[in-house]
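1. predicted coordinates and the sequence they were generated for:
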Amino acid sequence: MQPNRRQNGFSPSLIAGLVREYPGSTCAELSAASGILPQVLSEALCHTRDTLHSIRKGEPKICTINSRLSETWHPVS
């Protein structure tokens, strides 16, 4: 798949930019910050990780949105 191909209408570069703006956030936190539905964002995060390799999953933390232990997302250094 091409890196610039859109997944659910969101380009991987847009998703990577969101993670750079809010490093260490959970999917639900990124969803709240961006207005993108969590289910859509979850797919877009994985697609971005697999195509651009510019973001990665990090250690889980308690999410400030749903109070559950959730994976975090970070930009690749």
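-> Ah, there it is.

2. please identify which helix or strand holds the residue most central in space within the chain.
-> Nearest to the mean C-alpha position of the chain, by C-alpha atoms, centre = their mean, lies Leu45 at 3.9 Å. Assigned by DSSP states H and E, Leu45 falls within helix 38-51.

3. pull out the buried positions in that helix.
-> For helix 38-51, the neighbour count (16 or more other C-beta atoms under 10 Å) marks 38, 41-45, 47-49, 51 as buried. (C-beta placed from N, C-alpha, C; glycine too.)

4. re the thing from before, now do the contacts for the residue nearest to the centre of the chain.
-> Residues counted as contacts of Leu45 (C-beta atoms under 8 Å, 6 or more residues apart in numbering) are 15, 19, 27, 30, 55, 73.

5. beta-bridge partners for the nearest residue to Gly58 once chain neighbours are set aside, please?
-> Excluding its sequence neighbours, the residue lying closest to Gly58 (C-beta to C-beta, 6 or more residues apart in numbering) is Thr72, at 4.1 Å. In this entry, Thr72 is beta-bridged to Thr26, Gly58, by DSSP bridges.

6. I figured Ala28 hits Ser67, correct?
-> No - judged on C-beta atoms under 8 Å, Ala28 makes no contact with Ser67 at a distance of 9.9 Å.

7. joint contacts of these two?
-> Shared contacts of Ala28 and Ser67 (C-beta under 8 Å, 6+ apart): none.

8. who has more neighbours, those two?
-> Ala28 (18 against 9; other C-beta atoms under 10 Å).

9. where does that one land in three-state SS?
-> Following DSSP: H, G, I helix; E, B strand; the rest coil, the label given to Ala28 is helix.

10. for it, give me its contacts.
-> Here Ala28 is in contact with 38, 63, 65-66, 70 (C-beta under 8 Å, 6+ apart).

11. on that earlier part again, closest to Pro23 out of the buried residues of helix 38-51?
-> For the buried residues of helix 38-51, the residue nearest Pro23 by C-beta to C-beta is Leu45; the value is 13.0 Å.
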